[in-house]
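> Take a look and give me a structure for this.
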Amino acid sequence: MSDTDPEFELTFLGTGTSIGVPVIGCDCPVCQSDDPINQRSRSSVFVKTPEVQFVVDTGPDFRMQCLREGIRELDAALFTHAHSDHIMGFDDLRRFSLGADDIIDIYATEDCFQRLKLAFDYAFNGENRYPGYLKPEPHLITGSFEVGDLQVTPIPVEHGKVETIGFHFETKGGKRIAYVPDVKVFPESSRKICRDVDVLIIDGLQPKEHWTHLSVPEAVDVALDLRARQAWLTHFTCRVDYKVIGPTLPDHIGLSHDGLKLSL
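Below is the predicted model of the structure:
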């Protein structure tokens, strides 16, 4: 690693909510906009360090996201929860375990693994060990763990009725990044994990309050409480117009968009 190489690179593969933006059948200004910054695939990120490359979540747009960003190699996939907009591109991980003996490491909670195995039994039943097929190597998340040169800590949060976590990443150089794309209630025990992070990426679904997601004002309040040096909102509906909402936010808080890259 040279003096100019980043310790941590993150690319927003997608920044949209479960139905994506534009929304089928919607005639709102954002859905009808020809501005690509308002077009959002389902939420996911790609992380690259000097030692490892992985994604967090594989939604139904995962294949096209990989093609768009030129992702050719992956060591692992981490999952926040088992809602369909975060797991239904799982089979497209097969391109990253092509050889007969190649595997891809999968990190998830017990609840998430149960749902993955229901949806993709053929990948987990031990009979799918052929070249070109998906060969996941499951790793159950029960606490902090290492992925390459990163220390990873799960961040339990409340989001609907499905067990949901975010992830806190710490580099060898001490940089700290928290990614929490789906959250309504951010417990104090989880806030302690994230206080004073260098970068916070957090759910900011829409301007108005929602029953399973933080609104934009609620997300800003969380970012301020956590004293994040830099914060980016994600997981937007079409009620968030990038050029309308963005200028109203504090200087250190921004709206992410598909393809946005962060480096530390």
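
> From the centre of this structure, give me the residue that's furthest out.
Most distant from the centre of the chain: residue 127, at 29.7 Å, with distances by Cα atoms, centre = their mean.

> the helices in the protein, which residues?
Secondary structure of the chain (DSSP state H): helices located at 62-69, 84-87, 110-119, 121-124, 188-194, 216-226, 242-245.

> ok, now which ones touch residue 208?
Applying Cβ atoms under 8 Å, 6 or more residues apart in numbering, we find residue 208 in contact with 215, 239. Heads up, the C-betas are built off the backbone N, CA and C, glycines and all.

> Would you state the predicted confidence (pLDDT) at it?
You'll see residue 208 listed with a pLDDT of 97.

> before we move on, what about residue 127?
83.

> One more: residue 240?
Note for residue 240: predicted pLDDT of 97.

> unless I'm mixing things up, it is touching residue 256, no?
No: the criterion here is Cβ atoms under 8 Å, and residue 240 misses it with residue 256 at 10.6 Å.

> any shared contact partners between those two?
Taking Cβ under 8 Å, 6+ apart as the contact rule, residue 240 and residue 256 have no neighbour in common.

> Could you count how many residues lie near residue 218?
19 (other Cβ atoms under 10 Å).

> roughly how far apart are the nearest residue to it once chain neighbours are set aside and residue 239?
Of all residues not flanking residue 218 in the chain, residue 209 sits nearest, at 7.2 Å (Cβ to Cβ, 6 or more residues apart in numbering). Counting by Cβ to Cβ, to the nearest Å, the gap from residue 209 to residue 239 is 12 Å.

> More neighbours: which of the two?
Per other Cβ under 10 Å, whichever of residue 209 and residue 239 has more neighbours is residue 239, with 17 against 13.

> Run through the strands of this structure in chain order.
9-14, 44-48, 53-56, 76-78, 104-108, 136-140, 145-147, 150-157, 164-170, 176-180, 199-203, 230-234, 253-255, 261-263 (DSSP state E).

> tell me which strands and helices the second one is in contact with?
What that stands for is strand 44-48. Counting contacts by 3 or more Cβ pairs under 8 Å, 6 or more residues apart in numbering; DSSP states H and E, strand 44-48 packs against strand 9-14, strand 53-56, helix 62-69.

> Can you say which of those is packed in most?
strand 9-14 (a mean of 24; mean count of other Cβ atoms under 10 Å).

> how many neighbours does residue 126 have?
Neighbour count of residue 126, defined by other Cβ under 10 Å: 8.

> so what's the residue most central in space within the chain bridging to?
Nearest to the geometric centre of the chain sits residue 44, at 3.7 Å (Cα atoms, centre = their mean). Counting by DSSP bridges, residue 44 forms beta bridges with residue 14.
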